[in-house]
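Participant: next comes the sequence, and after it the predicted model I'd like to discuss.
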Amino acid sequence: MPNIFGPGGSGVNETTERPPHAATGSASDTWFRDCSSALLKDGTVIRAGWLNFMLANMRRAIRGRNVAENETDDDLLLKAINSVDRDVINVGAAGALLYAGKDANGRHQIKRVKAGTNVTITETSTEVTIAAAAGGGAGLGAYPLAAQTYSAAGSFTWSKPANLVLARVRLWGGGGGGGIGGGGTSGGTSSFGTHVSATGGSPYGGAPGQGTVGHLTLQGAYGLGKDVNDTRSHGVGGAGAMGGGGGGVPQAKQTGAHLNGIQPGGGGGTALLYHGQDCRGGSGGGYAEKYIPAEDLGATETVLVGAGGAKGNLESGNGAPGLVLVEHYFLVT
C-alpha cells in the first residue's frame with residue numbers, strides 16, 4: 001500500500017517497524033511551546049513516538065473510511081471526513097416522510113413513529129416492528145371506506161381522493177340484444193382508464209363478452225334460444241359474468257321490459273313464437289376486476305360504461321348496460 005504521510009527519502013533514516021509509544025501520564029491537557037530565546041533550549045521537544053502516534057491516527061482515518069490512497073493527495077483527510085456525513089433523503093412515491101432535515105447544529109433529524117389506535121410498536125437493538133394490537137380490532141391497514149358506482153352507459157371522469165392507498169375496480173361489459181330471425185347489436189365495452197376492461201356480449205346468441213384486462217377476467221354466458229326445428233320455445237339472454245341474468249318469457253308474442261337483460265351485463269331475451277323463426281337471446285357481458293395502488297393511478301381516470309345492445313325486433317329484449325364499481329381504500333388505524 002502507499003506510504004501515506006510517512007517519512008522517506010535519502011538520509012531521512014525512516015523505519016518500517018514502529019517504535020513503542022508510551023502515554024504521557026498527564027492528568028491535564030498539555031500544549032507545545034516555543035523556546036523563550038534563541039539561546040535557551042526550553043521549547044517543547046517533539047519525539048518520534050508522538051509523531052508516530054499522530055501519523056497512525058491519520059492513516060487509520062483514511063483507511064478506515066476506504067479513501068483511495070495517494071501520497072501526493074492533500075485532501076485525504078478531508079475526503080475521509082466528508083465520507084462520514086452524507087445527505088439523508090426520503091424515497092418512494094407514497095407514504096409518510098420520516099426524514100426532517102438537519103437542525104441548527106447540523107444534526108440529522110428523524111421523526112418519531114407513534115402508535116395509533118389498536119397498533120403496537122415494539123423495538124429491539126436491531127429492528128422496529130409495527131403491528132395490530134392483540135385483540136384490539138382491525139389495527140393498522142387499508143380498508144374500503146367509500147365506493148363510487150357508474151351505472152349509466154357513457155363516459156365519466158373519476159378523480160383520485162386525497163390520501164387514497166388502493167382502489168379496487170370491478171366492471172361489467174354490456175349485454176347483447178336478443179333477436180327473432182336475426183338482428184340486434186352488441187353490448188359496449190366497459191373500462192377504467194387503461195387499468196381494467198371487459199367487452200360486451202354479442203347479439204342473437206353470438207360470442208359472450210370477456211374480461212380483457214385485470215387480475216380477474218371472466219366470460220359472460222351465451223344467449224340461448226329456439227331454432228327452426230323447435231315447436232315452441234323462447235330465447236333467453238345470457239347472464240353477465242358475475243352479473244345480471246338474461247331476459248326472456250315463456251309467453252307467445254309478448255313484449256315488454258321483462259324481455260330486457262338485467263344489469264349488469266345481462267343479454268336480452270325474446271318472446272315465445274311458433275316454429276318457423278329462430279329466437280335467440282343476446283349473450284352476457286364480460287367481467288374484470290383489479291386492485292390498483294394509488295401511485296399507479298392518475299389524478300383522474302376515464303370511466304366508460306358499456307351500453308346494452310339494442311334488440312333486433314319488437315318481440316325481443318335489449319341487453320342490459322354494464323357497470324363500473326370503484327372501491328376506495330384508505331389507511332386507517
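Facilitator: Alright, I've got the coordinates.
Participant: for stretch 34-53, how far is the first residue from the last?
Facilitator: 21 Å (C-alpha to C-alpha, to the nearest Å).
Participant: list the buried ones in that stretch?
Facilitator: N52 (16 or more other C-beta atoms under 10 Å). In short, each C-beta sits where N, CA and C put it, glycine included.
Participant: what's that stretch in contact with?
Facilitator: The set of residues external to stretch 34-53 that reach it, using C-beta atoms under 8 Å, 6 or more residues apart in numbering, is 18-22, 31-33.
Participant: and if we set it to 10 Å?
Facilitator: If you take C-beta atoms under 10 Å, 6 or more residues apart in numbering as the criterion, stretch 34-53 is touched by 5-7, 15, 18-24, 30-33, 55.
Participant: which among those residues gets closest to G181?
Facilitator: Among these, F5 lies closest to G181 (C-beta to C-beta), at 100.6 Å.
Participant: roughly how far apart are the closest one and N82?
Facilitator: 18 Å (C-beta to C-beta, to the nearest Å).
Participant: quick check, D85 in contact with K79.
Facilitator: No. Counting by C-beta atoms under 10 Å, D85 does not reach K79; the two are 11.8 Å apart.
Participant: which stretches of the stretch 1-150 of the chain form strands?
Facilitator: 99-102, 108-110, 119-123, 128-132, 141-150 (DSSP state E, counting those that start in this stretch).
Participant: state the mean pLDDT of the helix or strand that the longest one is followed by.
Facilitator: It refers to strand 141-150. Later in the chain than strand 141-150, the nearest helix or strand by DSSP states H and E is strand 154-159. Mean per-residue pLDDT for strand 154-159: 97.
Participant: show the subsequent helix or strand relative to strand 154-159.
Facilitator: Defined by DSSP H and E, the subsequent element after strand 154-159 is strand 164-172.
Participant: give me the packing partners of that following strand, helices and strands only.
Facilitator: In terms of contacts (3 or more C-beta pairs under 10 Å, 6 or more residues apart in numbering; DSSP states H and E), strand 164-172 is packed against strand 141-150, strand 190-192, strand 196-198, strand 211-213, strand 287-293, strand 300-305, strand 323-332.
Participant: pairing partners for the second one, with directions?
Facilitator: For strand 190-192, the paired strands and their directions (DSSP bridges) read strand 196-198 (antiparallel), strand 300-305 (antiparallel).
Participant: measure how far it is from the centre of its chain, please.
Facilitator: Using C-alpha atoms, centre = their mean, to the nearest Å, the mean C-alpha position of strand 190-192 is found 20 Å from that of the whole chain.
Participant: pLDDT on that strand, on average?
Facilitator: Strand 190-192 comes out at a mean pLDDT of 97.
Participant: pull out the buried positions in that strand.
Facilitator: In strand 190-192, counting by 16+ other C-beta under 10 Å, buried: 190-192.
Participant: sorry, back to before: out of the strands paired with strand 190-192, which gets nearest to A271?
Facilitator: It is, among the strands paired with strand 190-192 and with distance given as C-beta to C-beta, strand 300-305, at 27.9 Å.
Participant: orientation of that closest one relative to strand 323-332 in degrees?
Facilitator: With axes from the mean of the first three to the mean of the last three C-alpha atoms, to 10 degrees applied, the angle from strand 300-305 to strand 323-332 works out at 140 degrees.
Participant: in strand 300-305, what's buried?
Facilitator: Here strand 300-305 shows 301, 303-305 as buried, counting by 16+ other C-beta under 10 Å.
Participant: on that earlier part again, could the strands of the stretch 1-150 of the chain be laid out in a markdown table, adding distance to Y329?
Facilitator: Output for the strands of the stretch 1-150 of the chain, formatted as a markdown table (distance: least, C-beta to C-beta, whole Å):
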| stretch | distance to Y329 |
| --- | --- |
| strand 99-102 | 26 |
| strand 108-110 | 28 |
| strand 119-123 | 17 |
| strand 128-132 | 16 |
| strand 141-150 | 4 |
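Participant: export those strands to CSV and append columns for mean pLDDT, mean neighbour count and distance to K311.
Facilitator: Output for the strands of the stretch 1-150 of the chain, formatted as CSV (pLDDT from 0 to 100; neighbours: other C-beta atoms under 10 Å; distance: least, C-beta to C-beta, whole Å):
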stretch, mean pLDDT, mean neighbour count, distance to K311
strand 99-102, 81, 12, 63
strand 108-110, 82, 11, 66
strand 119-123, 78, 13, 56
strand 128-132, 74, 12, 53
strand 141-150, 77, 14, 24
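Participant: format the strands paired with strand 190-192 as TSV; extra columns: distance to D73 and mean pLDDT.
Facilitator: As requested, the strands paired with strand 190-192 are exported to TSV (distance: least, C-beta to C-beta, whole Å; pLDDT from 0 to 100):
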stretch	distance to D73	mean pLDDT
strand 196-198	59	97
strand 300-305	56	97
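Participant: ok, back up a step: D85 and K79 - which one has more neighbours?
Facilitator: Between D85 and K79, counted using other C-beta atoms under 10 Å, the more crowded position is K79 (15 against 9).
Participant: apart from its neighbours in sequence, what residue is nearest the more buried one?
Facilitator: Nearest non-adjacent residue to K79, counting by C-beta to C-beta, 6 or more residues apart in numbering: V67, 4.7 Å away.
Participant: touching, the one you found and R60? I think so.
Facilitator: No. With contact defined as C-beta under 10 Å, V67 does not reach R60; the gap is 11.3 Å.
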